[in-house]
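[1] Structural data only, the sequence is not supplied:
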């Protein structure tokens with residue numbers, strides 16, 4: 001904070017100070033905001049910055065105190081709790097909108113139609129697997145990190161069913177307060193799943209009061225609907241919050257049949273904790289594990305440039321006028337750096353993390369007067 005105050009008191013643009021020190025404005029911002037010094041000529045940069053501060057009226061004692069307050073670190077050595085991983089939702093500043101001629105935020109999550117959905121080869125595979133499960137039956141678990149696009153795929157499935165007029169009834173239990181125990185929230189139980197089926201398949205039917213009669217009623221309405229040519233697919237979001245008991249009961253819902261015809265398919269959508277609950281070592285859910293197909297939503301990887309280009313195209317903006325050639329490589333490195341979780345490398349190159357990081361970078365570039373978002377700007381956020 002001392003260094004920031006001293007720089008603000010110089011009465012000079014941050015770019016001018018950076019030029020005097022011989023570093024980029026983004027590198028200067030990284031020193032001030034994060035204590036991250038350039039890898040090359042660190043001591044030389046410190047000395048020149050000290051001279052710049054004293055030449056512009058700061059006392060040497062105050063300048064040294066400000067420089068010593070920062071904690072030099074090496075870029076790319078952030079922990080799993082790094083600010084980028086936990087970055088809040090970012091919004092474009094008016095200054096950034098004006099500088100880069102952005103009428104709207106290219107990285108907002110607003111989806112107004114299927115044309116707004118970006119699909120990599122990996123996402124297309126997951127998308128088709130979900131539709132196949134809905135049409136032909138089975139139990140599918142779609143697992144991905146927060147912000148990886150799971151809910152977008154669910155919306156896309158809904159749209160395809162409606163737009164193509166597919167004879168599929170999508171059953172989506174409410175999970176607003178769902179937790180895997182009643183201490184932290186409300187556990188989603190099999191009786192709630194039965195009610196959801198009744199409301200979706202036979203909304204005008206009176207729900208039976210006793211559990212035995214209600215489950216019998218569920219079987220009957222599914223049978224009648226299937227004989228009328230309908231398929232039924234239950235989609236459970238936040239499935240990582242399901243209790244082991246409810247996961248185990250899903251097998252019994254899958255066993256509802258009319259002769260050889262399966263009456264219900266199930267798609268579980270959840271974060272990585274769901275994989276742990278569906279682990280082969282857990283004997284309490286082995287009947288489910290043996291019947292469940294698991295697909296993962298992988299990081300963007302080499303698809304990052306195509307994803308960002310799609311976002312700018314959707315906003316009607318030339319990406320090359322906002323993002324420099326080296327920026328996306330720096331972003332991928334920043335979100336994939338030498339982090340580890342359980343002894344393995346972890347990549348955070350998912351849509352939500354990319355969106356927030358790029359909006360923060362655009363704001364930073366406008367703030368320090370950079371013409372485009374560069375690698376230095378990415379590393380300074």
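    Noted; the coordinates are in hand. Predicted model, so just to flag it, every value in this text is computed and none were measured.
[2] Without its sequence neighbours, what residue ends up closest to the residue most central in space within the chain?
    Residue closest to the average C-alpha location in the chain (C-alpha atoms, centre = their mean): residue 147, at 1.2 Å. Leaving aside its sequence neighbours, residue 147 sits nearest to residue 352 (C-beta to C-beta, 6 or more residues apart in numbering; 2.4 Å). Where you see a C-beta, it was placed from the backbone N, CA and C, and this is true even at glycine.
[3] list the contacts for the one you found?
    109, 146-148 (C-beta atoms under 8 Å, 6 or more residues apart in numbering).
[4] backbone phi and psi for the residue nearest to the centre of the chain, please?
    Dihedral pair for residue 147: phi 80, psi 10, per degrees, to the nearest 10.
[5] Equivalent analysis for residue 41, please.
    Torsion angles, degrees, to the nearest 10, at residue 41: phi 50, psi 50.
[6] Could you count how many residues lie near it?
    13 (other C-beta atoms under 10 Å).
[7] I'd say the residue nearest to the centre of the chain and residue 349 touch.
    No. In this structure residue 147 lies outside contact range of residue 349 using C-beta atoms under 8 Å: 10.5 Å.
[8] Residues that sit against both of these two, list them.
    By C-beta under 8 Å, 6+ apart, no residue touches both residue 147 and residue 349.
[9] returning to that earlier point: state the distance from the residue nearest to residue 147 to residue 335.
    11 Å (C-beta to C-beta, to the nearest Å).
[10] sorry, back to before: can you tell me which of the contacts of residue 352 are buried?
    147-148 (16 or more other C-beta atoms under 10 Å).
[11] Let me see the domain layout of the chain.
    1-75, 80-119+300-381, 121-292 (automatic domain parsing).
[12] ends of the longest one, how far apart?
    Right, domain 121-292. End-to-end span of domain 121-292 (C-alpha to C-alpha, to the nearest Å): 22 Å.
[13] Show me what the mean pLDDT comes to for it.
    Domain 121-292 shows a mean pLDDT of 90.
[14] Surely residue 292 touches residue 133?
    No. Look at residue 292 against residue 133 with C-beta under 8 Å: they stay out of range, at 10.7 Å.
[15] Quickly list what's touching both of these two.
    With C-beta under 8 Å, 6+ apart, residue 292 and residue 133 have common neighbours 139-140.
[16] Next, count neighbours for residue 125.
    14.
[17] Where does it fall, secondary structure wise?
    For residue 125, the host element (DSSP states H and E) is helix 121-136.
[18] which stretches of the stretch 1-150 of the chain form strands?
    139-143 (DSSP state E, counting those that start in this stretch).
[19] Could you list the low-pLDDT ranges of the stretch 1-150 of the chain?
    1, 12, 34, 69-87 (pLDDT under 70).
[20] Count the residues that sit near the residue lying closest to residue 174 once chain neighbours are set aside.
    Nearest residue to residue 174 in three dimensions, chain neighbours excluded: residue 196, at 7.6 Å (C-beta to C-beta, 6+ apart). When counting by other C-beta under 10 Å, one arrives at 18 neighbours for residue 196.
[21] can you check residue 268 too?
    Neighbours of residue 268 (other C-beta under 10 Å): 25.
[22] tell me the contacts of the nearest residue to it once chain neighbours are set aside?
    Sequence neighbours aside, residue 239 is the residue nearest to residue 268 in space, at 3.8 Å (criterion: C-beta to C-beta, 6+ apart). Shown in contact with residue 239 (C-beta under 8 Å, 6+ apart): 141, 268-270, 274.
[23] any idea how far residue 239 lies from residue 157?
    15 Å.
[24] if I pick residue 24, what's in contact with it?
    Counted by C-beta under 8 Å, 6+ apart, residue 24 has contacts 18, 370, 374, 376.
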